[in-house]
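[1] The following comprises the amino acid sequence and a computationally predicted model.
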Amino acid sequence: MRNIGNVSIVPWLVLIMLSILLTGCGREMRDLEDYVEEVKSREPPGIDPIPEVKPYQSFKYQADSARNPFDASIFQAKIVQNIRKSSSTISPDPNRTPEFLENFPLDTLRMVGTLEQSGTLWALIQTPEKTIQRISIGSYLGQNNGKVLKVSDAGIQLEEIIPDGFGGWRKRDGSIALSE
């Protein structure tokens with residue numbers, strides 16, 4: 001500590017700093033008070049009047065002689081005329097016993113691997129229930145009579161039999177790729 005004569009400099013510095021700080025703590029708020037008075041003296045904005053309520057006018061629907069818009073019988077004749085008979089000879093085998101994997105939609109089944117046993121390559125299929133089933137060429141899976149045509153390490157190729165919309169059936173190719 002430096003002493004000027006017998007007096008220490010530190011208390012003087014603290015006193016000077018406090019006086020500088022306290023100078024900024026004045027209660028001069030006249031500009032704020034003027035603004036508040038000006039806002040209070042303003043005319044309050046008006047409130048829009050309540051809109052006039054229009055009286056209800058009833059309407060009686062009298063269409064007893066008109067056609068019922070929900071009656072589908074008028075379309076029956078047009079639909080019957082537009083139906084063409086399918087000449088397709090394709091159809092699912094009604095005598096075949098369905099396999100377990102035909103209970104699931106094709107897009108919910110995942111191929112998770114392959115297994116070779118006695119020269120036959122099997123595909124390992126995971127069901128939505130997280131069980132693993134094995135299938136090979138000739139097996140069926142999916143809800144559209146999907147018959148497995150080819151099994152490889154990359155995936156399964158199959159052929160489904162789906163309705164053609166005209167009372168017949170058509171074939172559609174499908175596949176399931178190996179999931180990672």
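    In hand now; what should we look at? What you are looking at is a predicted structure, and each value in this text was computed from that prediction instead of being measured.

[2] those helices in this structure, which residues are they?
    With DSSP state H as the criterion, the chain has helices at 9-23, 30-41, 73-82.

[3] now those helices in TSV, with mean pLDDT, mean neighbour count and distance to Gly119?
    In short, each C-beta sits where N, CA and C put it, glycine included. Putting these into TSV (pLDDT from 0 to 100; neighbours: other Cβ atoms under 10 Å; distance: least, Cβ to Cβ, whole Å) gives the following:
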stretch	mean pLDDT	mean neighbour count	distance to Gly119
helix 9-23	80	10	95
helix 30-41	89	9	94
helix 73-82	61	8	52
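
[4] Looking at these, spot the one closest to Gln126.
    Relative to Gln126, the nearest member of the helices of the chain by Cβ to Cβ is helix 73-82, separated by 42.5 Å.

[5] isn't Trp122 right next to Gln133, touching?
    No. Using Cβ atoms under 8 Å, Trp122 makes no contact with Gln133, being 9.7 Å away.

[6] check contacts around the closest residue to Leu121 other than its chain neighbours.
    The shortest distance from Leu121 to any non-neighbouring residue, by Cβ to Cβ, 6 or more residues apart in numbering, is to Val151 (5.0 Å). Taking Cβ atoms under 8 Å, 6 or more residues apart in numbering, we find Val151 in contact with 114, 121-123, 135-137.
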